[in-house]
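Peer 1: Test case, fold it:
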Amino acid sequence: MKAWTQKHLTMLMAAGIGIVAFVMIFTHAPRVGYARDEGFYFSAAESYAGWFKVLAKDPAKAFDDKVIWRYYENNREHPVLVKNLMALSFLALAADEPRVPTTWPHHDTGIFAMAMRLPAQLFSALAIMLTFLLGTAVASRRVGLLAALLFLLTPRHFYHAQLACFDMPAVAVWLATILAWRKAQRSASWGVATGIVWGLALAVKHNSFFIPIVLLLHWLIVSARDFSISRSGLGLPRIPLAFFSMLILGPAIFYAHWPILWHHPIDRLSWYFSFHLHHINYYWEYFGKLLTDPPFPWLYPFAVTALTLPLPFLILASLGMGRVTWGLLGRWIATPVRAMGRLAGLVAPTDKTNKASESLMGLDPWDAWLLWLNTLIPFLVIAIPSVPIFGGIKHWMHAMPFAAVLAAVAMERMILLLPKTSPRWSAWRYSALAALVLAPGLAGLIWIGPYGSSFYNSLAGGISGAADLGMQRQYWSNNVVGLLPWINENLPSGARVYFHEVTGESFHAYRRDGLLRPDIRPAWSPDYADYTVYQYHREFVDTEYQVWNRTGDRTIIKGLYLDQVPMSMIYDSRKKKETNRPSSLHKPVPTPPTGVSK
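Peer 2: As a prediction, this is how the structure comes out:
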């Protein structure tokens, strides 16, 4: 038994890490409000569940194009693997729950969202496991463990890990494809498996279309010495089996997983690619400027990461990335600099050869290039000025496990600079330093609670500092969950409420899950509402002005404040009689200063 445990220790540790991560994510998620996109995916998954019912009763009918289109037309801009799993989870766990509760308080609060979120949460736990396995593969179990915890305890990452969305599943399948590619260098079976895993990655989200670019660059770089030109012709290195597998199996799995492609695949694929190539731009506040249309600042992903990553993670990842960059590219930079120095008589002609293992922090060059490319390229894609930038860190989140591994390797190298001690004391010392590195992320998780999309680090000055800098305070409208208990306790029966930025699907999910009284009615504008729940966004300040102008009153009857920064505010938007208005309220409402919290 002991020998078996030692042989499988890495996988046992990975499983344990995954279980702990899942328990943390699953138990915390009921506190998190329903994000804007989640409402769309709830609706789509429930629609897809109808197709699975037809498939169970009449399989031949289920393959008819009209039947497929009826159920799968909903949210056809995204592949359906995660949504299909959501549909099956819904059928297994929540299909019998009433769409509108007849009792209040509801006896089973949150069952619908729990079922819908479960598949993505399992993917999130898988992402943490795979981060550990990646760190273990390129360095050690200690590096893998620290990398996994750095990634998990980042508040923005933890927030996305809880949602019924595709961003954390996209991280998991990206990692899985890269790990399969790594194993494929020594195994033909893993070469075939790489194509299968990439096909599943395509079935999760379109980010995965960039994976072949990363792998092709990696192969070209690490195989550069095997290219040759001679009189006999062009010499090429062995082309990996994984490329052929990806070319054949990837598109086949992508096609097979999506029923809507089974009929008219060319037309529907054309629509899919056109949708993403011409995606609309959502407004975003960035250092006091409202970004509306391209070109967007190329520094955007780097700046936002610098202000949202826990500071020790940011510092270690920067050190690790910088050290590896110099180790990989330093000689190309240093050689012309030294040549110019020698010509100027400033550098001695003797030169010492750079030690690759030392400059790469002990990483194998093959692995160093793999980590470097997977960390950098997702940032560079978003840095292209024409690429939409909405959604905060989620669009380059698949880079962060690789950054976490680099951070953990950098920590390992820093430990070597300390005085040598006994192995036992060395382990305790490492544990203490690792705890210090992880503490800000854990403290941030505890402090930010269910409002993870609003987290900013100490470099930004927290949420209040970010508001003063003119950064986006929140997105996806989930912070409204903090006001629902007050609404349930204080609003009159049958009140019409305009939940600003909350989709109709999310509104009905709140009622369905017993988080909002069933008698509360939705209104789709302040002009038709008794109460307005306004979510602060600089691009939507006109909504707040609309309430002020309608009522002649700027009194906030209840608000959600984080670090004294307004996030969501409730207004009584019932129109007051003209005679009751103080004359001072007829004056124009001043525009709040740019970048300063109200």
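Peer 1: Tell me the backbone dihedrals of Tyr498, please.
Peer 2: The phi and psi values for Tyr498, taken as degrees, to the nearest 10, are phi -90, psi 110.
Peer 1: Please disregard the earlier target; I meant Ile229.
Peer 2: phi -130, psi 130.
Peer 1: Ok, the one 10 residues further on next?
Peer 2: Phi and psi for Ile239, reported as degrees, to the nearest 10, are phi -80, psi 130.
Peer 1: Can you get me a residue count around it?
Peer 2: Here the number of neighbours of Ile239 (other CB atoms under 10 Å) works out to 10. For the C-beta atoms, the positions are set from N, CA and C on the backbone; glycine is no exception.
Peer 1: how about Leu93, what does it touch?
Peer 2: Going by CB atoms under 8 Å, 6 or more residues apart in numbering, Leu93 touches 111, 114-115, 118.
Peer 1: how does it look with 6 Å?
Peer 2: Ala115 (CB atoms under 6 Å, 6 or more residues apart in numbering).
Peer 1: ok, now how distant is it from Ile111?
Peer 2: Distance, Leu93 to Ile111, using CB to CB, to the nearest Å: 7 Å.
Peer 1: Next, show the common contact partners of these two.
Peer 2: In contact with both Leu93 and Ile111: no residue, using CB under 6 Å, 6+ apart.
Peer 1: How much space separates the residue lying closest to Leu85 once chain neighbours are set aside from Cys165?
Peer 2: Leaving aside its sequence neighbours, Leu85 sits nearest to Pro119 (CB to CB, 6 or more residues apart in numbering; 3.7 Å). For Pro119, the distance to Cys165 (CB to CB) stands at 11 Å.
Peer 1: host element of the residue nearest to Leu85?
Peer 2: Pro119 is part of helix 111-138 when elements are defined by DSSP states H and E.
Peer 1: separation between the residue nearest to Leu85 and Thr503?
Peer 2: From Pro119 across to Thr503, the span is 20 Å (CB to CB).
Peer 1: Any regions of the chain where pLDDT drops low?
Peer 2: 1, 334-358, 577-598 (pLDDT under 70).
Peer 1: in the stretch 401-550 of the chain, which spans are strands?
Peer 2: Assigned by DSSP state E, counting those that start in this stretch, the strands in the stretch 401-550 of the chain fall at 496-499, 521-522, 531-535.
Peer 1: Excluding chain neighbours, what is closest to the residue nearest the centre of the chain?
Peer 2: With distances taken as CA atoms, centre = their mean, Lys394 lies nearest the centre of the chain, 3.2 Å away. Leaving aside its chain neighbours, Lys394 sits nearest to Asp167 (4.2 Å; criterion: CB to CB, 6+ apart).
Peer 1: what sits against the one you found?
Peer 2: Taking CB under 6 Å, 6+ apart as the test, what Asp167 contacts is 160, 394, 397.
Peer 1: on that earlier part again, you'd agree the residue nearest to Leu85 is up against Leu88?
Peer 2: No - with contact defined as CB atoms under 6 Å, Pro119 does not count as touching Leu88 (8.0 Å).
Peer 1: who has more neighbours, these two?
Peer 2: Between Pro119 and Leu88, Pro119 has the larger neighbour count (other CB under 10 Å), namely 22 against 17.
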